[in-house]
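A.B. asks: output the structure for:
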Amino acid sequence: MRAIRRPTQGRREVVAVMPAAGFATRLGSLPWSKEVFPIPTSRRDVGESPIGLACDSLLNAFRAGRAERVFVVIRDGKWDIPGALLDGRGWGLELAYVVVPDSEGLADTVSRACPFIREATVLFGLPDILLDVQDPFGPMLQALEEKSADVALGLFPPHRPQAADMVDLDETGRVRAVLPKPRRTELEFAWILAAWKPTFTEFLHERSGSEPVDSPSRAEEGRREEYLGDVLHAAIGEGLVVVGVPFREARYLDIGTPEDLVDALGKGFRGRADG
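C.D. replies: Down below sits the predicted model:
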């Protein structure tokens with residue numbers, strides 16, 4: 001088991017990381033990056049546009065979680081993302097862009113932000129996942145501190161378990177394992193959001209560039225890109241404390257597949273006023 005460096009106590013800056021370096025190969029040719037794809041919304045407040053961006057719900061969650069800065073990691077060439085989001089002022093946020101020439105996958109993409117977030121508490125989510133919880137990070141940050149955890153995961157009933165990172169949760173709320181994209185599972189929750197302390201940032205940074213590992217659920221597939229779920233599972237094995245915060249009545253929609261993008265375009269996505 002590795003030695004874990006625990007940072008000194010005290011208030012840490014809260015920042016967020018939004019990865020947007022992927023190719024969206026499952027969606028074929030798109031006129032926009034999927035992260036800023038126009039999505040109709042079926043929930044209208046006074047003055048709101050009926051069309052939003054795919055990343056709206058995540059950016060709003062970052063704002064509710066009091067993120068002081070958001071680091072958006074983009075691949076060279078995806079200039080429509082800063083063109084659409086600009087400095088983040090439209091969401092009440094301060095955005096900074098980390099531009100990378102390429103990426104080997106999600107874990108690699110997120111690790112590129114590590115030099116900028118080393119001493120911060122980090123909020124994390126995927127911009128192509130639509131959420132119906134207005135302030136999910138509030139209870140996650142609370143659990144992070146109250147349970148002296150290194151990582152708190154926001155857990156949702158899975159939309160498609162075989163396409164999600166499923167979580168084995170014990171009766172105390174501690175995560176025993178993270179199983180990326182299992183072929184079969186009876187687990188109840190998938191992790192969709194995360195909040196973590198500098199201990200996990202350090203673990204992720206040290207692990208970046210290492211050989212991809214076999215997931216306990218997909219070992220038969222051999223070598224593949226390393227998912228962030230793999231890193232979380234490895235962190236548990238190295239002694240980091242990972243806890244889960246279930247949102248049992250919430251839902252999400254991952255527009256990374258053609259079927260779900262068509263669903264979102266046809267029906268919109270209803271947010272919940274009560275959070």
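
A.B. asks: please name the residues that touch V151.
C.D. replies: L144, A194, A195, W196, K197, F200, L232, A235, L240, V241, V242, V243 (CB atoms under 8 Å, 6 or more residues apart in numbering). From N, CA and C alone the C-beta is placed, and that goes for glycine too.

A.B. asks: endpoints of stretch 145-156, how far apart?
C.D. replies: Across stretch 145-156, the terminal residues are separated by 21 Å (CA to CA, to the nearest Å).

A.B. asks: ugh, wrong one, I meant stretch 20-33
C.D. replies: Per CA to CA, the first residue of stretch 20-33 is 9 Å away from its last.

A.B. asks: tell me the mean pLDDT over it?
C.D. replies: The average pLDDT within stretch 20-33 is 66.

A.B. asks: and stretch 92-101, by the same measure?
C.D. replies: Computed over stretch 92-101, the average pLDDT equals 96.

A.B. asks: roughly how far is that stretch from the heart of the chain?
C.D. replies: The chain centroid and the centroid of stretch 92-101 are separated by 15 Å under CA atoms, centre = their mean, to the nearest Å.

A.B. asks: also stretch 143-163?
C.D. replies: 10 Å.

A.B. asks: got it, and stretch 91-111?
C.D. replies: The answer for stretch 91-111 is 12 Å, by CA atoms, centre = their mean.

A.B. asks: mind listing what's buried in that stretch?
C.D. replies: 91, 93, 95, 97-98, 100, 103, 105-111 (16 or more other CB atoms under 10 Å).

A.B. asks: same check on stretch 201-208?
C.D. replies: T201, E202, F203, L204, H205, R207, S208.

A.B. asks: check contacts around T201.
C.D. replies: T201 touches C114, I117, R118, A120, V122, counting by CB under 8 Å, 6+ apart.

A.B. asks: one step back: export the buried residues of stretch 201-208 as TSV, with columns for pLDDT.
C.D. replies: Shown next, in TSV, are those (pLDDT from 0 to 100):
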residue	pLDDT
T201	97
E202	96
F203	97
L204	96
H205	94
R207	87
S208	79
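
A.B. asks: elements contacting the helix or strand in which L193 is found?
C.D. replies: Using DSSP states H and E, L193 sits within strand 189-196. Helices and strands touching strand 189-196, by 3 or more CB pairs under 8 Å, 6 or more residues apart in numbering; DSSP states H and E, are strand 121-124, strand 129-131, helix 137-146, strand 151-156, strand 165-169, helix 228-237, strand 242-246.

A.B. asks: any idea which of those is most buried?
C.D. replies: Mean neighbours per residue, mean count of other CB atoms under 10 Å, is largest over the helices and strands packed on strand 189-196 for strand 151-156, with a mean of 27.
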